[in-house]
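*Asks:* turn this into a structure:
(one chain, ligands or ions: 1)
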Amino acid sequence: MSDRIRVAAEEDIPQDEGLVIPKALTGADDDIALFKDDQGCIFALDNTCPHEVASLAEGWVEDGYVECPLHSSKFDLRTGEAQSLPAPRGVNVHRVEVHDGEVYLYAGERP
Ligand code: FES
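*Replies:* Purely as a prediction, here's the structure:
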């Protein structure tokens with residue numbers, strides 16, 4: 001179980017793209033992107049697309065998925081699974097919690 005880290009205020013996360021939390025802050029293997037879906041739920045996924053190293057935080061969030069900005073593979077915000085090619089696999093997801101408008105990340109811990 002990882003330590004929780006306060007990484008952002010809820011309002012810092014844009015509605016339709018991601019906010020990058022650097023791996024130097026979390027100790028994770030990759031930067032982590034925070035996303036907010038249409039209902040305001042917050043998700044944390046590894047930021048690097050496993051296809052050709054695009055930043056998923058620069059992608060588009062829609063209907064529970066983030067779409068890679070480079071070749072449009074979609075990743076499920078809840079599971080990290082790739083829903084379409086060319087991504088060869090999904091990405092890791094991490095547990096997040098929101099308390100009083102503050103976002104806490106448990107890097108390396110599944111939701
Ligand atoms: S870099 Fe993400 S799908 Fe190609």
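*Asks:* and the nearest residue to residue 54 once chain neighbours are set aside, what helix or strand is that in?
*Replies:* The shortest distance from residue 54 to any non-neighbouring residue, by C-beta to C-beta, 6 or more residues apart in numbering, is to residue 70 (3.9 Å). Where C-beta positions appear, they are placed from N, C-alpha and C, glycine not excepted. Taking DSSP states H and E as the definition, one finds residue 70 inside no helix or strand.
*Asks:* tell me who's in contact with residue 70.
*Replies:* 49, 51, 52, 54 (C-beta atoms under 8 Å, 6 or more residues apart in numbering).
*Asks:* wait, which of the residues you listed is closest to residue 78?
*Replies:* Using C-beta to C-beta, residue 49 is the member of the contacts of residue 70 that lies nearest residue 78, at 17.5 Å.
*Asks:* now do the contacts for the nearest residue to the closest one once chain neighbours are set aside.
*Replies:* Spatial nearest neighbour of residue 49, chain neighbours left out: residue 68 (4.6 Å); criterion: C-beta to C-beta, 6+ apart. Neighbouring residues of residue 68 by C-beta under 8 Å, 6+ apart: 49, 51, 54, 56, 59, 74, 75, 87.
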